[in-house]
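K.L.:
Just to be clear, the model below is a prediction. Sequence and coordinates:
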Amino acid sequence: MSRSLVIAVAVAALVSGCRPADARPDPSPEPVTSPTVAPAGGPVPLRIQLGAGERLIPRSSAPSGCPGLDTVVYLGAGRAFRLMAFATTCPAGDTSRHINGDHGVYRTTADIPADRRNVTVPTALGEAVVFTQAYSEYTNSANHYTEPVAVITLTHPADPAYQALTVISEKGTLTVDELSTALRKQLLAP
């Protein structure tokens, strides 16, 4: 093997290890064949109503614990929403600019910029503030999306450090109305 090839492989391995985690859901869990209720563990216990063909995909929490809960609900046909819970001790993110895997850190509704507050939606877990945010990805080209986001203030938090649950339709695979419907119909108290 030539020395330049060895160097190229080493550089590629090093660079690929620096990329942020892929936000796409891992398709390995099998979709359910009939309606079912699946528990989502972690610092924010909840249950999720899944329809036929849908699946719950737990993701590894960050070593820092920010987020402490990270789960994707895959609805099929490329449609999904992501559930994340950030402790009040997690550092606040820049909620004015969301790029390349950074969809925002919403520890409570106080982290939502005032100009983005749109509607409130009642859920089994607490009241949700639903809004949209701009999101962009810059790789070999630029792609821009409008993402529906909901921050649910938990009525009965199991852990006082986790006061809210963030729900994001990454890259806008759902509309605001579709996300609001999912919040009301699919998120269940533990």
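P.N.:
Arrived safely.

K.L.:
from here on, contacts and neighbour counts on C-alpha atoms
P.N.:
Fine.

K.L.:
What residues does the residue nearest to residue 67 when sequence neighbours are not counted make contact with?
P.N.:
Distances taken as CA to CA, 6 or more residues apart in numbering place residue 86 nearest to residue 67, at 4.7 Å, with adjacent residues excluded. Residues in contact with residue 86 (CA atoms under 8 Å, 6 or more residues apart in numbering) are 65, 66, 67, 68, 69, 105, 106, 107, 162, 164, 165.

K.L.:
Taking the residues you listed, please make a ChimeraX selection of just the buried ones.
P.N.:
Applying 16 or more other CA atoms under 10 Å to those, the buried members can be selected in ChimeraX as follows:
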select :66,67,68,69,105,106,107,162,164,165
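
K.L.:
Go through the contacts of residue 86 and name the one nearest residue 32.
P.N.:
Using CA to CA, residue 69 is the member of the contacts of residue 86 that sits closest to residue 32, with 21.7 Å.

K.L.:
bridging residues for the closest one?
P.N.:
In this structure, residue 69 bridges to residue 85 when assessed by DSSP bridges.

K.L.:
Likewise for residue 188?
P.N.:
Listed by DSSP bridges, the beta-bridge partners for residue 188 are residue 47.

K.L.:
for the residue nearest the centre of the chain, helix, strand, or coil?
P.N.:
To find the centre residue of the chain, average its C-alpha atoms and take the closest one (CA atoms, centre = their mean): that gives residue 82, at 3.0 Å. Secondary structure state of residue 82, per DSSP: H, G, I helix; E, B strand; the rest coil, is strand.
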